[in-house]
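J.: Make a model of this:
(2 chains)
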Number of protein chains: 2
Amino acid sequence: MSFSSYQILLKKRDGGILEKDEIKWFIDGFTKGSVADYQMAAFLMAVCTRGMNEDETAALTDAMLYSGDVLTFEETSVVDKHSTGGVGDKTSFILAPLAAACGITVPMIAGRGLGHTGGTVDKAESIKGFNTEITLKEFEELLKTKKLAMIGQTPEIAPADKKIYALRDVTATIESVPLITGSIMSKKLAEGARGIVMDIKVGNGAFMKNLEEARVLANSLMNTAERFDRHMVCMLTNMNQPLGKTIGNSLEIIECIDVLKGNGPSDLTELSLELAGSMVHIGGKASTHEEGVAMVTEAMSNGSGLKVFREMLENQGGLGDVIEDYSLLPQAKCTTEVPAPRDGFVSGMNTRNIGLHCVDLGGGRHVAEDKIDFGVGFTIHKKVGDKVIKGESLLTIHHNEDQSEIVEGLIKEFTTVDYSFSDAETKADPLIYEKDIRWSK
Amino acid sequence: MSFSSYQILLKKRDGGILEKDEIKWFIDGFTKGSVADYQMAAFLMAVCTRGMNEDETAALTDAMLYSGDVLTFEETSVVDKHSTGGVGDKTSFILAPLAAACGITVPMIAGRGLGHTGGTVDKAESIKGFNTEITLKEFEELLKTKKLAMIGQTPEIAPADKKIYALRDVTATIESVPLITGSIMSKKLAEGARGIVMDIKVGNGAFMKNLEEARVLANSLMNTAERFDRHMVCMLTNMNQPLGKTIGNSLEIIECIDVLKGNGPSDLTELSLELAGSMVHIGGKASTHEEGVAMVTEAMSNGSGLKVFREMLENQGGLGDVIEDYSLLPQAKCTTEVPAPRDGFVSGMNTRNIGLHCVDLGGGRHVAEDKIDFGVGFTIHKKVGDKVIKGESLLTIHHNEDQSEIVEGLIKEFTTVDYSFSDAETKADPLIYEKDIRWSK
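T.: You can find the predicted model right below:
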């Protein structure tokens, strides 16, 4: 069927409801190049300002999904997790091996860092030899034989999303629930997962600033999952402070291994077990969420999760020995402590800023061409609610010899802007605000 | 000052008010190429859906105006007219010579046909030798010595408008009052006119479908004119049927010469005199509108308008003898009558369709590259309110020998779709619905 870009733009501009075929024609045309960049830009802006209903969002997801290859598995216990992105958010490396150890197939298509948030693929690349640029065929084969594999974004999966995302990034059309839904769901559905666990980050270090926004997105994601016959769990989780104790690529890998050994910080451990437990539950290997959590907790205690993690690294050419010898991972030459400027309690952290500081040190990219320094980052000693004494270290900066000027600046930022303090004890927000589950029919 | 495209897009996307400097930076950047097509497309869509207030509209106009050259005259009686476009709308060729004959300098920057509407430049080109592609310097010189000249759109005047318009045309962002205002006013202000007479067409053959829309546009144009210290008259006029009796390039030129000779159809004559009279009034050569109309009526009666018209043609290389010998103008070889399908009264005409039929015959362009056939078109015998007898000719189609198939199709369209009939007498809408004047301080 043939449509006109003009008529489609006109309809959405004036708040009309687009037909499934119109959306499919427009997205296909853009992917092939017959719909121009500027027409897609106008479309994205019209969607941002006029919105899309459930039918349209599903049609958008469908069109983006079928713009590329779609994996299918005979196995039904195929579950993936997706996070909307945060600072210190490293749960993938923990929950994927734990869920796989409990019989779940985990097809992980991971992204790179974006703005202030870190990226799973960047973290993975701090492990020597670990190759996430395998072919889709190799990825599929690993999943069928080993249940777990990790791949970076590939042009074979949802190419429309890649092309659309690049435009959204330069036209101020990122923050739109239907566009976010289409982007996330098209990739997750293409992986062939039967269940998806969503970690929707909420707070000053997340793209969603408050619970209302997060609920709207969760609802849109769950509605779309249901239409595509997928089970979904949505967790709305705290991103008003970094997750765990580390920020920075190899520092975060070490922290993940610590968690898999049972020695990790409590917030990261708890969230990882909750998410992995949900994966086991909706993957059909546990009859309740609690049973799922118990199973993955056991996989952590008995070391089977760590074993699967090592195998995953080695299956993709990575140095498995890093789990025993952290010195095999990149490390920054210097450390500098950031002293608390006063006595009191930590009452807040500017999480987004802290993420951007890691980018400034070289732990992330300002522009796509930047090379990442895997060793730099932060080890956080004091978080929201913690008591501090003046002069005590709030965090350790891991940096290089020639970065003393940057470090001076960061100390000032951390002590005057990024940390806030109170005299009275402050309680941190809960780790998990809300949780919802939607079963497909 | 430097801004970010992203922040500007974000602000307008969320319904914010842009600063003058932000708008100027964005428009300048687009004209120079540092703001990309897709960013401008997103901006235009955001303006369409979120609107612009008076300050923003004035800033947009200013930025577009100063994207190119701006003419200035020592002479203060410089007045131009602009029409929003219609079918059979040919008043420029009549009112410009009449106003010039009464002492007004008329700097005419005219456009080409767009969609179903004809274009002044296309009509002008049906006169052998008449060159509207003169330089801006030549145009200025002619105005200073001869008071009247006609030029097509030139890259020297408001280049931002040309570039933006091309994008609006393919992104469904035409119908926006601030964007229309910026486009019209930037060009008119650049001509150096001290007064502008606006003919805002309303009806099924116009871009404005109803009086409310037209009033909103008129108000936006007058507010902008006032800010730029220009006098403005806005007339809201009837485009629920074609203006005058002809549609088609050389047919319309002939009809204009007939009006200048005092032999034209009454509606076209009346509207031309009203518009020209307003030009003389706001140009300061008459103290009232009525006096202005009387002066241009006299210029028509005594032949001075026709003389100025001939001079204008000859000043720009055109064949002045066309005013005596219409056979010097291009003529289609064949004519076919369209018979009334029934007795009764004409109760309505689908004006837009009729304009598109002229394009189908070759009298306008489907795509920018199409060559125009100047001779084809229609002579209309029956208009709204006219009594018809079955078989009597509604109109004459002027066409070429090889167009019998198109003509058959048109006869069917005219008799079944484009004309409607009633048993009872129907009165046509008034020629001029409303008129407003705004003096600059």
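J.: can you give me the strands for the stretch 251-400 of chain A?
T.: Residue ranges of the strands in the stretch 251-400 of chain A, as given by DSSP state E, counting those that start in this stretch, are A:334-339, A:344-349, A:377-380, A:387-388, A:393-399.
J.: confidence score at A:Ser440?
T.: Note for A:Ser440: predicted pLDDT of 88.
J.: returning to that earlier point: could you dump the strands of the stretch 251-400 of chain A into CSV and include mean pLDDT and mean neighbour count?
T.: Glycine gets a C-beta too; all of them are placed from N, C-alpha and C. Below are the strands of the stretch 251-400 of chain A laid out as CSV (pLDDT from 0 to 100; neighbours: other Cβ atoms under 10 Å in any protein chain shown):
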stretch, mean pLDDT, mean neighbour count
strand A:334-339, 98, 16
strand A:344-349, 97, 20
strand A:377-380, 98, 24
strand A:387-388, 97, 16
strand A:393-399, 98, 23
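J.: Put together CSV for the ones you listed, with distance to chain B on each row.
T.: Formatted as CSV, those follow (distance: least, Cβ to the nearest Cβ, whole Å):
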stretch, distance to chain B
strand A:334-339, 31
strand A:344-349, 25
strand A:377-380, 27
strand A:387-388, 36
strand A:393-399, 29
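J.: And those: which comes nearest B:Ala286?
T.: Evaluated with Cβ to Cβ, those place strand A:344-349 nearest to B:Ala286, the distance being 71.8 Å.
J.: got the CA coordinates for the closest one in PDB?
T.: Extracted C-alpha coordinates of strand A:344-349, given in PDB (Å, rounded to 0.1, in the frame of the first residue of the first chain):
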ATOM      1  CA  GLY A 344      26.500  15.600  59.600                       C
ATOM      2  CA  PHE A 345      24.500  13.200  57.400                       C
ATOM      3  CA  VAL A 346      24.500  12.900  53.700                       C
ATOM      4  CA  SER A 347      21.100  14.200  52.700                       C
ATOM      5  CA  GLY A 348      21.300  14.000  48.900                       C
ATOM      6  CA  MET A 349      23.500  13.300  45.900                       C
END
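J.: Okay, now the sheet partners of it, with direction.
T.: For strand A:344-349, the paired strands and their directions (DSSP bridges) are strand A:387-388 (antiparallel), strand A:419-422 (antiparallel).
J.: Show me which residues of the stretch 101-250 of chain A are close to chain B?
T.: Listed as neighbours of chain B in the stretch 101-250 of chain A under the rule Cβ under 8 Å from any Cβ of the partner chain: A:Leu167, A:Val170, A:Thr171, A:Ala172, A:Thr173.
J.: Switch those over to TSV; also include pLDDT.
T.: Below are those laid out as TSV (pLDDT from 0 to 100):
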residue	pLDDT
A:Leu167	93
A:Val170	89
A:Thr171	93
A:Ala172	93
A:Thr173	93
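J.: Closest to A:Lys209 out of those?
T.: Checking these one by one against A:Lys209 (Cβ to Cβ), the nearest turns out to be A:Ala172, at 16.3 Å.
J.: got the contact list for the closest residue to the closest one other than its chain neighbours?
T.: Once flanking residues are discounted, A:Ala172 sits nearest to B:Leu9: 3.6 Å by Cβ to Cβ, 6 or more residues apart in numbering or on different chains. Shown in contact with B:Leu9 (Cβ atoms under 8 Å, 6 or more residues apart in numbering or on different chains): A:Met45, A:Thr171, A:Ala172, A:Thr173, B:Gln39, B:Ala42, B:Phe43, B:Ala46.
J.: Please identify which helix or strand holds B:Leu9.
T.: According to DSSP states H and E, B:Leu9 maps onto helix B:5-13.
J.: Residue ranges in chain A under the pLDDT threshold?
T.: For chain A, the stretches flagged by pLDDT under 70 are A:1.
J.: what about the most centrally placed residue in it, distance to B:Thr335?
T.: For chain A, the residue nearest the mean C-alpha position is A:Ser83 (3.5 Å; Cα atoms, centre = their mean). Computed as Cβ to Cβ, to the nearest Å, the A:Ser83 to B:Thr335 distance reads 74 Å.
J.: Same check on A:Ile323?
T.: With Cβ to Cβ as the criterion, A:Ile323 and B:Thr335 are 92 Å apart.
J.: what's the answer for A:Asp161, then?
T.: A:Asp161 is 58 Å from B:Thr335, by Cβ to Cβ.
J.: Quick one: residues contacting A:Met312.
T.: Counting by Cβ under 8 Å, 6+ apart, A:Met312 touches A:Ala96, A:Pro97, A:Ala100, A:Lys146, A:Leu148, A:Ala149, A:Met150, A:Gly318.
J.: Over to A:Leu243: give its phi and psi.
T.: Per-residue torsions, A:Leu243: phi -90, psi 130 (degrees, to the nearest 10).
J.: quick one, what contacts it?
T.: Neighbouring residues of A:Leu243 by Cβ under 8 Å, 6+ apart: A:Gly86, A:Val87, A:Gly88, A:Asp89, A:Lys90, A:Thr91, A:Asp267, A:Leu268, A:Leu271.
J.: wait, is the second one part of a strand?
T.: Right, A:Val87. No - according to DSSP: H, G, I helix; E, B strand; the rest coil, A:Val87 belongs to no strand; its state is coil.
J.: Once you drop chain neighbours, what's closest to it?
T.: A:Gly355 (3.9 Å).
J.: Relative to A:Ala276, how far out is the residue of the stretch 51-200 of chain A found nearest chain B?
T.: Per Cβ to the nearest Cβ, A:Ala172 is where the stretch 51-200 of chain A lies closest to chain B, at 3.6 Å. Here the criterion is Cβ to Cβ. By it, A:Ala172 lies 36 Å from A:Ala276.
J.: Quickly list what the closest residue to the residue nearest to the centre of chain A other than its chain neighbours is bridged to.
T.: Using Cβ to Cβ, 6+ apart and skipping residues adjacent in sequence, the residue nearest A:Ser83 is A:Asp199, 4.1 Å away. Counting by DSSP bridges, A:Asp199 forms beta bridges with A:Ser83, A:Met235.
J.: Hmm, A:Asp199 is touching A:Asp80, no?
T.: No - using Cβ atoms under 8 Å, A:Asp199 is not in contact with A:Asp80, being 11.4 Å away.
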